[in-house]
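# sequence and predicted model, in that order:
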Amino acid sequence: MTKGRLRVYLGAAPGVGKTYAMLGEARRRADRGTDVVVGFVETHGRKHTADMLSGLEVVPRRTVPYRGTTLEEMDVDAVLRRRPRVALVDELAHTNAPGVRNEKRWRDVEELLDAGIDVITTVNIQHLESVNDVVEKITGVPQRETVPDAVVRAADQVELVDMSAEALRRRLAHGNVYAPDKVDAALSNYFRAGNLTALRELALLWVADRVDDALQDYRQQHDISGTWEARERVVVALSGGPEGEHLIRRAARIAARSGAGDLLALHISRSDGLTGADPAHLSAQRRLVESLGGSFHQVLGDDVPEALLAFARAENATQLVLGDSRRPRWQTLLSGTGIGSQTIRRSGDIDVHIVTHAHVGRGRLLPDSRGSLSGPRRARGYLLAVVLPLALSGLLTLVDDLFELNFASDMMLFLIVVVGVALVGGLGPALVAALFGSMLLNYFFTPPLYALTIQSRNNALALVAYILVGLMVSSVVDVAARRTREAARAVAESHVLANLAATPIVGRQALDDMLERFRETFSLDSVALLEEDQGGRRLVGAAGTSAARTPDEADQLIEATDTAVLALRGQPLTDSDQRIAQVFAARTGQAIEQIRLARAAAEAAPLAEANRVRTALLAAVGHDLRTPLATAKAVVSGLRSPDVEIAPHDRAELLETADIALDRLSGLVDNLLDMSRLQVGAMPVHLRRIAVEEVLTRALDDLGVSPRSVVLELAEGLPPVLVDPGLLERVIVNLVSNAQRYAPPGAPPLVGGSSVPGRVELRVVDTGPGIPSSELESVFLPFQRLGDTDTTTGVGLGLAVSRGLVEAMGGTLEPEETPGGGLTMVVSLPTDATSGEGAT
């Protein structure tokens, strides 16, 4: 069955009109005769959106009972039975109600796509996993619902729905996004102009990256190797020398001048070139690149210009930055054209910058190990093997009589030529030079002259010795070159292995980075990790484009674990590359195992927490339950004793003491029961809309506080919240009583309330001793009484239960430091049943 196509409308911010745009597309398709149904669309009470929805077929929603209320979710099975050509599914990041088959709505969408149904959906930029933390820093509002970036990146089409910050704020002010009573709070909080501008930039950059990925796929599918200058990318080549930092900063300035250019630093570990890379320099240069917003890459390559240009073309780079050579000029003349010149000659449409620096011509940090003989160098050797003997023969013909040279002198000069050719081209060219030189010696300098015959046995022996000496010297030079090549290869491999060993293998991101480094190191098209599953092999992770999804699609397979293989696509690995590849595979296997262990630890964490709670409970019960029981027991025993006469006022005092002890005992048992229910998810919650002021009044009445003992600062026009009034009342009582306990004399605690889009925030503020910032979260652990020396206050369940109750109502309870000292508890409560994506 052909998989359905996914189209995503990505909103730069709530209220830009992505749902409206989705419905517009649906109506256009329906007018063309396409079978379109609405799987789930949330209008948020907006008239224009509701008008666009009219006339489209809507699949009835599924109702889900949840904690005393009823929630509506998309009926996936009904959509599958209907089998339309296109289904509309709003709010991709939405979390489904408990009891629904899939926890997240994007899982529902995957089911529809697998069934061959095209899906059009919406999501806001703040709900993408990769930018979730950035959005929270910008807006100050945590986004509880996220969708993996990979889900949106895999879409066949992503369309950005965007508008300027000023236009969106005008739309909000006109009441086209939120109800009028929420507009002022929204404009002064989430919808500030700076927030909206930052969100817009995030959305534009994310979509630009998505477009860039699509461009790379297109270029690869159509075998386009030329550079398309759609976006400036600057690659700076690093040799590991001291000039690297200068080159990086120069490249960063070039990238910055383009406005939004990318900076990529590349070090090539090579087996036929510079092996004097200093690991300390490379490590410092990597940190510098990353601090400038760039990325560091390392690949293996025998031909440095070719490897450099292959990487640049693969990354669609537009400019290359290279440092001028550190080799002395005489060394350049002996070894031929330098890397910079070769790169310029082969670069094509990529601009190449040769940057001078303070270390030009000062030599390398380590001796030049240029002993491996490349193809061009061997070609020069063969050319010299023919040209030099001929030139020497002509020269000696002219000067033999002048300098009275004999046959032995001529032969020694020819031997020098052979050694020189061996140094340049190795064994093959030296052999040609020795044989060709012996023929010239025989023809021009051995009697009878100008004939290939030899009269003297001594001359014949000398020619044979000349050939043997030439061959032996050439063989020694060639062996040295091979040994140098092997040593250089070992150094290059050690650099790769050292970087690999220094890379931590913690979490899913480490696995993805490992695969990407594998691909870059061997210049592969893609690397995919396939793991055995019940239905065969499943794709766990991939790097590169057009990754293999089955072993049959791979050009080469490398075993990572007993159940996982790496599927490679691209150029085949050589035997020497296989060693490094096996190390990468082993590290990948370790990353997989680490992820499994982390998952197992996460699954075991609730059990460990439950055991910790039981242990602490047993330790606490010994005192906190025994004390009120002992008090009540002593009072009752005294009252029942026939041997003791008790005055009426003493009897009343004893009964009051017993009543207080039993009240403490009852409250403690209630907390223990609530903690137990919260841990197993069995706490009954009856949600309904109610004004915050009403619950707050009840809570303060229960505490019996005087008007001056608590300061109230509630914003006007707070919207009603969707909560369980009884549970919220308990939370407020607990927080206010804690604040009173620690508030200094003359500084009563403050209870404030304000509205943000979709939520109401209550703040209980005290200016007491406070809690160290490192221990703020510890106050929510059961049986914790940080800084509390009064052991009569209970087992420390109050705040743990309060947070559990708030979260059970769909809210959050977070601690903050009060400016100037003290503790602020922030209770964030939803204002409607859908705490999902909010405005669209």
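The structure has been received and is ready for your questions.
# and the nearest residue to residue 67 once chain neighbours are set aside, helix, strand or coil?
Once flanking residues are discounted, residue 67 sits nearest to residue 685: 3.7 Å by CB to CB, 6 or more residues apart in numbering. (C-beta placed from N, C-alpha, C; glycine too.) The three-state assignment at residue 685 reads coil, by DSSP: H, G, I helix; E, B strand; the rest coil.
# any idea how far residue 685 is from residue 97?
Here residue 685 is placed at a distance of 13 Å from residue 97 (CB to CB, to the nearest Å).
# higher neighbour count, these two?
More crowded of residue 685 and residue 97, by other CB atoms under 10 Å: residue 97, with 19 against 16.
# element containing that one, please.
Assessed by DSSP states H and E, residue 97 sits outside every helix and strand.
# that one: what's it in contact with?
Going by CB atoms under 8 Å, 6 or more residues apart in numbering, residue 97 touches 64, 66, 71, 73.
# switch these over to JSON lines; also include secondary structure, pLDDT and distance to residue 293.
JSON lines is the format used below for the contacts of residue 97 (DSSP: H, G, I helix; E, B strand; the rest coil; pLDDT from 0 to 100; distance: CB to CB, whole Å):
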{"residue": "64", "secondary structure": "strand", "pLDDT": "86", "distance to residue 293": "45"}
{"residue": "66", "secondary structure": "strand", "pLDDT": "75", "distance to residue 293": "45"}
{"residue": "71", "secondary structure": "strand", "pLDDT": "86", "distance to residue 293": "43"}
{"residue": "73", "secondary structure": "strand", "pLDDT": "92", "distance to residue 293": "42"}
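# so for the helix or strand hosting residue 805, what gets flagged as buried?
Under the criterion of DSSP H and E, residue 805 resides in helix 798-808. Within helix 798-808, the residues scored as buried using 16 or more other CB atoms under 10 Å are 798, 799, 800, 801, 802, 803, 804, 805, 806, 808.
# now do stretch 703-721
For stretch 703-721, a neighbour-count test (16+ other CB under 10 Å) marks 703, 705, 710, 718, 719, 720, 721 as buried.
# now do the last one against residue 158, distance only.
With the distance defined as CB to CB, residue 721 ends up 35 Å from residue 158.
# distance of residue 440 from residue 466?
According to CB to CB, residue 440 and residue 466 sit 11 Å apart.
# so which of the contacts of residue 97 is the most crowded?
residue 73 (21 neighbours).
# wait, what's in contact with that residue?
So residue 73 contacts 40, 61, 62, 64, 96, 97, 100 (CB under 8 Å, 6+ apart).
# now residue 430
Residue 430 makes contact with 381, 385, 418, 419, 421, 422, 470, 471, 473, 474, 477, 478 under the criterion CB under 8 Å, 6+ apart.
# go again with 6 Å.
Residue 430 is in contact with 418, 421, 422, 474, counting by CB atoms under 6 Å, 6 or more residues apart in numbering.
# how about residue 747?
Taking CB under 6 Å, 6+ apart, one finds residue 767 in contact with residue 747.
# which pLDDT value belongs to it?
Listed pLDDT for residue 747 reads 85.
# do residue 486 as well
We have a pLDDT of 68 for residue 486.
# please shift the residue numbers so they start at 46 in all later answers.
Got it, first residue is 46 now, which makes that one residue 531.
# how about the strands in the stretch 446-595 of the chain?
Per DSSP state E, counting those that start in this stretch, the stretch 446-595 of the chain carries strands over the ranges 571-578, 581-589.
# the closest residue to residue 785 other than its chain neighbours: neighbour count?
Spatially, and ignoring its direct neighbours in sequence, residue 785 is nearest to residue 794 (5.9 Å; CB to CB, 6+ apart). Counted with other CB under 10 Å, residues neighbouring residue 794 total 27.
# which one of the contacts of residue 118 is nearest residue 574?
residue 141 (29.3 Å; CB to CB).
# before we move on, the earlier item: hmm, the residue nearest to residue 785 is touching residue 788, no?
Yes - between residue 794 and residue 788 there is a contact at 5.0 Å, judged by CB atoms under 6 Å.
# between the two, what contacts are shared?
residue 811.
# please report phi then psi for the residue nearest to residue 112.
When read as degrees, to the nearest 10, the backbone of residue 730 gives phi -130, psi 130.
# alpha carbons only: can I get the helix or strand harbouring residue 151 in PDB?
Assigned by DSSP H and E, residue 151 belongs to helix 150-159. Written as PDB, here are the backbone C-alpha positions of helix 150-159 (Å, rounded to 0.1, in the frame of the first residue of the first chain):
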ATOM      1  CA  ARG A 150      -1.800  13.000  18.000                       C
ATOM      2  CA  TRP A 151       1.200  12.800  15.700                       C
ATOM      3  CA  ARG A 152       1.000   9.000  16.300                       C
ATOM      4  CA  ASP A 153      -2.600   9.200  15.100                       C
ATOM      5  CA  VAL A 154      -1.400  10.900  12.000                       C
ATOM      6  CA  GLU A 155       1.200   8.200  11.300                       C
ATOM      7  CA  GLU A 156      -1.600   5.600  11.400                       C
ATOM      8  CA  LEU A 157      -3.500   7.600   8.800                       C
ATOM      9  CA  LEU A 158      -0.500   7.900   6.600                       C
ATOM     10  CA  ASP A 159       0.300   4.200   6.800                       C
END
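# average pLDDT for that helix?
Here the average pLDDT along helix 150-159 is 93.
# who touches residue 433 in this structure?
By CB under 6 Å, 6+ apart, residue 433 lies in contact with residue 462.
# which element is it on?
Assigned by DSSP H and E, residue 433 falls in helix 420-448.
# which of the buried residues of stretch 748-766 sits closest to residue 868?
The closest of those to residue 868 turns out to be residue 755 (CB to CB; 15.3 Å).
# list the contacts for the closest one?
Residues in contact with residue 755, defined by CB under 6 Å, 6+ apart, are 793, 794.
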